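J.: only geometry, no sequence info:
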C-alpha cells in the first residue's frame with residue numbers, strides 16, 4: 001500500500017487548502033464503531049481524491065481506481081499486478097478480501113462499475129450488509145465524478161445500494177478567499193488577474209495547480225497555452241471530459257442548450273428557438289440539466305417566489321463550462337480548420353466583456369461570504385429584474401445587479417457592478433440610475449434605502465462614501481479577503 005500512496009502523492013504539486021468542514025465530517029463518521037461507508041461526489045478536478053488522501057494521511061489503506069472502458073476481467077488482473085493482492089475471478093471476491101483485511105479502503109470513480117457490470121452493485125450491497133451485521137471495523141470511502149450516476153446509485157430507492165451510505169458529501173468548489181490565498185502563494189498578487197482567473201476557473205483546485213506548473217502570467221497569455229495552442233492546448237477538451245460521464249445518447253441536445261445559454265439565450269422561449277422551436281422541449285431538457293445533472297441553475301428575481309415566478313432564467317452553474325461553451329465548443333469549426341490563432345483574437349477582443357458578466361456573480365458571492373461589511377445585515381442577496389408599468393416597449397424593463405434586503409424588507413441596498421474604472425461623476429450617475437430603479441420595487445414608505453457601487457477601481461471613493469454611498473472596489477475586496485486564512 002505504501003508505494004501506492006507515494007505514487008499518488010508524487011502527482012500532487014499544490015499545497016492542500018481549506019476543506020476543514022469536510023475533514024471534520026470525515027472524522028466524525030470514521031470515529032463511529034463498526035462498518036462505515038462514506039460517499040463523496042463532485043465534478044472532475046474538484047479535489048475528491050486529494051481530500052481523501054490527505055485525510056487518510058499515513059494510515060494503512062487500499063486505493064482502488066475503477067477505470068472506464070475496461071472489462072471486469074482486465075480490471076481484476078490490473079489490481080492484482082499493481083498491488084500485493086491475490087488475483088480474483090469476481091469483483092465481489094476482491095471486495096470481500098478487502099473488507100476482511102483492511103481498515104480503510106478508498107474506491108475512486110465508483111460509478112464506472114455501472115458500465116463494467118451493474119450486478120457488481122448488488123454484490124457490494126450484500127457484502128456491506130454482511131459486514132455491518134458482523135460489526136467489522138472498516139471505513140470505506142467511495143468517490144465519483146458523475147453527479148447523475150452517483151445519485152442514481154446511492155439515492156434512488158430502486159437501486160441496491162440505496163440507504164447504504166452512512167454519509168454523502170457533495171464536494172463544492174473553493175471559495176474566493178481560498179483562491180485568493182492560492183494565487184498569492186504561487187506569486188500572483190494582481191487583484192484584476194485574480195478576478196480574471198476566478199471568472200474562468202472558479203474554485204476548482206486542479207486548474208490552479210496547472211497555473212502554478214505552467215508559470216504565473218496574465219490570464220490572456222495563459223489562455224493561449226491552455227486553450228488556443230495549435231499543437232497541444234492543455235484544457236481545450238476539458239469541458240467534454242467533465243461532461244462525458246453525464247450525457248449519453250442525447251448529448252447533442254444538451255450541448256445545444258448549454259451553448260445557447262452561454263451565448264446569452266437564457267429564457268425557455270429563447271432556448272426553444274435553438275431546438276427547432278418545439279414547445280415544451282426546452283423546459284423538459286432544462287429540468288433534466290438542473291435536477292438530474294446539476295449543470296444549470298434556474299434564477300428568479302429575488303423579490304418573487306421561486307416556485308411561482310414566471311421570470312426564470314437559466315445559467316450554467318460551473319464557470320469553466322460557461323467559458324468552454326462560450327469560446328471552445330461554439331467554435332469547433334475553427335479548431336478543425338487549424339484557425340486557432342483567429343479564435344485567439346476573438347477571445348482577446350471579447351474576454352473583458354465575459355469577465356464583466358462574471359464579475360456580478362463574483363461580487364454577489366463575495367458579499368454573501370462577507371455580509372458584515374454591508375450597511376446592514378442582509379437576510380437575502382440576489383438579482384432583481386422586472387417590468388416598468390406604462391413604459392413604452394423597449395424601455396419597459398429594469399434590472400438591478402445586486403439587491404440586498406433584511407428579513408422584513410425595512411432595509412434594502414441596491415447595487416451596480418461595473419468591470420471598469422469609475423470616477424466620481426460616473427459613480428454619481430450610477431447612483432442616480434439606482435434611485436430611479438428603487439421606484440419600481442414597490443417599497444413601503446419609510447423603507448431605509450441604501451445605494452452601492454462595485455468597480456475595478458473607484459476614484460473619488462471617499463467623496464461618495466461621505467454622501468452615504470456604499471462603495472467597493474478590488475482594493476477593498478483584497479483587503480477583506482486577506483483577513484481570511486484557510487488551512488486544512
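T.: Thanks, I have the structure now. Small disclaimer: the values here were computed from a predicted structure and weren't measured.

J.: For stretch 29-39, which outside residues touch it?
T.: If you take CB atoms under 8 Å, 6 or more residues apart in numbering as the criterion, stretch 29-39 is touched by 26, 99, 128, 131-132, 134-144, 150, 154, 164-169. The way it works is simple: take the backbone N, C-alpha and C, and place the C-beta from them, glycine included.

J.: ok, now stretch 64-84?
T.: Contacts of stretch 64-84 (CB under 8 Å, 6+ apart): 1, 4, 62, 85-91, 94, 98, 105-113, 115-117, 120, 245.

J.: one more time with 7 Å, if that's ok
T.: For stretch 64-84, contacts defined as CB atoms under 7 Å, 6 or more residues apart in numbering pick out 4, 85-88, 91, 94, 105-110, 112-113, 115-117.

J.: can you check stretch 473-484 too?
T.: 176-177, 180, 191-192, 195, 366, 370, 373, 454-458, 461.

J.: Give me the buried entries from these.
T.: 176-177, 180, 191, 195, 366, 370, 454-456, 458, 461 (16 or more other CB atoms under 10 Å).

J.: Which ones among those residues lie within strands?
T.: 454-456, 458 (DSSP state E).

J.: Rebuild the buried ones among the contacts of stretch 473-484 as TSV, extending it with distance to residue 380 and pLDDT.
T.: Converted to TSV, the buried ones among the contacts of stretch 473-484 look like this (distance: CB to CB, whole Å; pLDDT from 0 to 100):
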residue	distance to residue 380	pLDDT
176	20	96
177	21	95
180	25	95
191	27	95
195	24	98
366	16	97
370	15	96
454	18	98
455	24	97
456	26	97
458	25	96
461	27	94
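
J.: Am I right that residue 169 is in a strand?
T.: Yes. Counting by DSSP: H, G, I helix; E, B strand; the rest coil, residue 169 is part of a strand.

J.: How about it: what's its closest non-neighbour residue?
T.: Counting by CB to CB, 6 or more residues apart in numbering, residue 169 lies nearest to residue 40, which is 4.9 Å off, once chain neighbours are set aside.

J.: cool, and residue 309?
T.: That would be residue 300: by CB to CB, 6+ apart, it lies 3.9 Å from residue 309.

J.: any low-confidence regions in the stretch 101-250 of the chain?
T.: Within the stretch 101-250 of the chain, the segments meeting pLDDT under 70 span 249.

J.: Mind jotting down where the helices sit in it?
T.: Here the stretch 101-250 of the chain has its helices, by DSSP state H, counting those that start in this stretch, at 113-116, 119-133, 147-155, 176-185, 191-201, 205-214, 219-223, 238-243.

J.: What is the distance between the fifth one and the centre of its chain?
T.: Pointing back at helix 191-201 there. 15 Å (CA atoms, centre = their mean, to the nearest Å).

J.: Find the centremost residue of the chain, please.
T.: residue 318 (4.4 Å; CA atoms, centre = their mean).

J.: And for the residue nearest to residue 275 when sequence neighbours are not counted, the neighbour number?
T.: Spatially, and ignoring its direct neighbours in sequence, residue 275 is nearest to residue 281 (5.0 Å; CB to CB, 6+ apart). When counting by other CB atoms under 10 Å, one arrives at 16 neighbours for residue 281.

J.: My guess is residue 281 contacts residue 273. True?
T.: No. Assessed by CB atoms under 7 Å, residue 281 is found out of contact with residue 273, at 10.9 Å.

J.: Overlap in contacts, those two.
T.: With CB under 7 Å, 6+ apart, residue 281 and residue 273 have no common neighbours.

J.: List the residues that contact the residue nearest to the centre of the chain.
T.: Residue 318 sits next to 43, 202 when contact means CB under 7 Å, 6+ apart.

J.: Let's see that with 8 Å instead.
T.: Residue 318 touches 43, 202, 242, 295, counting by CB under 8 Å, 6+ apart.

J.: quick one: which two of those residues are the most distant?
T.: Greatest spacing in the contacts of residue 318, by CB to CB: 202 and 295 (13.7 Å).

J.: Return the backbone torsion pair for residue 358.
T.: phi -70, psi -30 (degrees, to the nearest 10).

J.: if I read this right, it contacts residue 199, doesn't it?
T.: Yes. The pair residue 358 / residue 199 is scored as a contact, 3.5 Å apart, by CB atoms under 8 Å.

J.: hey, what's in contact with both of the two?
T.: What both residue 358 and residue 199 touch, as defined by CB under 8 Å, 6+ apart, is the set residue 319.

J.: what about those two, which has more around it?
T.: Ranked by neighbour count (other CB under 10 Å), residue 358 and residue 199 place residue 199 first, with 23 against 20.

J.: can you tell me how far that one sits from residue 352?
T.: 10 Å (CB to CB, to the nearest Å).

J.: on that earlier part again, isn't the residue nearest to residue 309 up against residue 312?
T.: Yes. Judged on CB under 8 Å, residue 300 makes contact with residue 312 at a distance of 5.1 Å.

J.: Give me the more crowded residue out of the two.
T.: residue 300 (19 against 16).

J.: ok, the more buried one - contacts?
T.: Counting by CB under 8 Å, 6+ apart, residue 300 has contacts 306, 309, 311-313.

J.: Give the ChimeraX command for selecting the buried subset of these.
T.: Here is the ChimeraX command that selects the buried residues among these (16+ other CB under 10 Å):
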select :312,313
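
J.: returning to that earlier point: go through the helices of the stretch 101-250 of the chain and name the closest to residue 404.
T.: Of the helices of the stretch 101-250 of the chain, the one closest to residue 404 (CB to CB) turns out to be helix 176-185, at 17.5 Å.

J.: tilt between the closest one and helix 205-214?
T.: Helix 176-185 runs at 10 degrees relative to helix 205-214, counting by axes from the mean of the first three to the mean of the last three CA atoms, to 10 degrees.

J.: Let me know the pLDDT of the residue nearest to the centre of the chain.
T.: Listed pLDDT for residue 318 reads 97.

J.: Tell me where the stretch 251-400 of the chain has helices.
T.: Going by DSSP H, counting those that start in this stretch, the stretch 251-400 of the chain shows helices at 251-262, 268-272, 281-291, 319-327, 332-336, 340-369.

J.: quick one on the thing from earlier: any chance of the buried ones among the contacts of stretch 473-484 in a markdown table, plus distance to residue 17?
T.: Converted to a markdown table, the buried ones among the contacts of stretch 473-484 look like this (distance: CB to CB, whole Å):
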| residue | distance to residue 17 |
| --- | --- |
| 176 | 12 |
| 177 | 10 |
| 180 | 11 |
| 191 | 19 |
| 195 | 19 |
| 366 | 18 |
| 370 | 19 |
| 454 | 26 |
| 455 | 29 |
| 456 | 26 |
| 458 | 30 |
| 461 | 31 |
